[in-house]
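Participant: Could you look at this predicted model? Sequence included:
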Amino acid sequence: MTDLPASPAPAARALDRKDLRTLSLAALGGALEFYDFVIFVFLTESLRQLFFPPDMPGWLSTLQVYGIFAAGYLVRPIGGIVMAHFGDRSGRKRMFTLSVFLMALPTLGIGLLPVYAQIGIAAPLLLLALRIVQGIAIGGEVPGAWTFVAEHVPPNRVGFACASLSAGLTAGILIGSLISAAVNTWFAPAQVLDWAWRLPFLIGGVFGFFAVYLRRWLSETPVFTAMRESRQLVQELPLKRVLREHAGGVALSMLVTWLLTAAIVVIILMTPTIVQQRFGIAPSQAFLGNSLAAFCLTLSAVGAGLLADKIGRARALLIGALGVLLSSYALYYDLNHGAQHFLLMYALAGTFVGVVGVIPAVMVAAFPAPVRFSGLSFSYNVAYAVFGASTPPLLASPWMRGLGGMAPAYYVMAVAAIGVAVALYLLLRRPPSYVGEAPRA
């Protein structure tokens, strides 16, 4: 097919009021949806006691809950590929709204589920089914959101746009952590197991439908509108072109996604449960530390995006990956030596997890506009399905537990080293960037 120039992307300029409104609404909606997806892992202790036989060993029921949590990651490519296909062919906004609707329904459903004592083995099976629907929804949400905001702003503000959306997603983690802490603080353990565990899911369902309402006020991206008006939308299967012409971008995006999964899943999502089970830290203290880490992450993600716009994506990625490597070691070293500085170390680790503000800008730049949603979605979701789904069961396995209390840090450090290697590759090889280029059909 002959390449035809499309309308150019927006020129370098400052963000205007319309840009800021779009970024704010997208970030808020993303926060509400991501809360729905992650609240599950904060309630691991309650879910394992309620949805599995009481005589099942604790480690095995924990592994089962982590397995159900991981199922949400395994099906992400399905939702991501399907929604990205229509996002590249029919528009970003439609899929952006559909994904949040598909998240709200199962979250509300989990809050209404009967438990094992009431319906036996059907309880975990229903929990698994609803988790799968959540995974399909989030598979389209996250890459779609990054594509949406990146195409609404000028090229010199893509780092900040992607980071603001990432900050919104991590704010959803913070909301989940705060609500989990509140439930464990305000209610006795017996009350939590009796009924209070349902509250975060019911609240999440309401959050989700509110996010659907918010997205009514968003408009289609200028980049997609320009391609549609000039009839330059990709005519073949978008994913087919991605795999044929942009395999390098896929590999690059998968590697940086691995860093994102290790940082978010281990440091932010799993550590509250790990510190309770392995280091005897009280739930209230664990969730306080997690709330501090998530708060620092939300702020630092925005800072990382600003840094990427100022010094370049590769340098910002290098700084962030090195920070994750060192701070994860410091956090678990402190935990293994009495946890005297637990809150401080957790806040520091959360700050460097802000590298997730840079990662989407790296991925957005790896694919041209006509196949950007499909390329980003396939790379991100397949990598998350492999690494995100395998991480919780891996860390809960007897083999990893046999490595001692530093095992989670060793895993994160190894993946962060891969992130450092990717950053150095970007600095030394300087592969092409499609940010700011005219779309081509």
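Facilitator: Arrived safely.
Participant: do you know how far Glu393 is from Trp146?
Facilitator: Check again: residue 393 is Pro, not Glu. Distance check for Pro393 against Trp146: by CB to CB, to the nearest Å, it reads 27 Å. C-beta here means a position set from N, CA and C on the backbone, and glycine is covered the same way.
Participant: the more surrounded of the two?
Facilitator: Comparing Pro393 with Trp146 by other CB atoms under 10 Å, the one with more neighbours is Trp146, at 29 against 16.
Participant: just checking, next helix/strand downstream of the host helix or strand of the more buried one?
Facilitator: Assigned by DSSP states H and E, Trp146 falls within helix 122-150. For helix 122-150, the following helix or strand on the C-terminal side (DSSP H and E) is helix 158-186.
Participant: Rounded mean pLDDT for that following helix, please.
Facilitator: The pLDDT scores in helix 158-186 average 86.
Participant: Over to stretch 261-274?
Facilitator: 90.
Participant: How far away from the center of its chain is that stretch?
Facilitator: 12 Å (CA atoms, centre = their mean, to the nearest Å).
Participant: can you tell me the distance between the two ends of it?
Facilitator: With CA to CA, to the nearest Å applied, stretch 261-274 spans 17 Å between its terminal residues.
Participant: List the neighbours of it that are in contact with it.
Facilitator: Here stretch 261-274 makes contact (CB atoms under 8 Å, 6 or more residues apart in numbering) with 38, 41-42, 44-45, 62, 170, 173, 177, 180, 283, 286-287, 289-290, 293-294, 297, 324, 328, 331, 346, 349-350, 352-353, 355-356, 383-384, 387-388, 391-392, 395, 408, 411-412, 415-416.
Participant: Low-confidence ranges, this structure, go.
Facilitator: The model of the chain has pLDDT under 70 over residues 1-14, 85, 87-92, 220-224, 226-236, 432-433, 435-441.
Participant: Let's see which of the contacts of stretch 261-274 end up in helices.
Facilitator: 38, 41-42, 44-45, 62, 170, 173, 177, 180, 283, 286-287, 289-290, 293-294, 297, 324, 328, 331, 346, 349-350, 352, 383, 391-392, 395, 408, 411-412, 415-416 (DSSP state H).
Participant: are any of these buried, and which?
Facilitator: Neighbour-count burial (16 or more other CB atoms under 10 Å) is assigned, among the ones in helices among the contacts of stretch 261-274, to 38, 41-42, 44-45, 62, 170, 173, 177, 180, 283, 286-287, 289-290, 293-294, 297, 324, 328, 331, 346, 349-350, 352, 383, 391-392, 395, 408, 411-412, 415-416.
Participant: helices and strands around the helix holding Trp146, which ones?
Facilitator: helix 17-42, helix 58-74, helix 76-90, helix 92-111, helix 158-186, helix 359-364, helix 372-383 (3 or more CB pairs under 8 Å, 6 or more residues apart in numbering; DSSP states H and E).
Participant: This completes my enquiry, with thanks.
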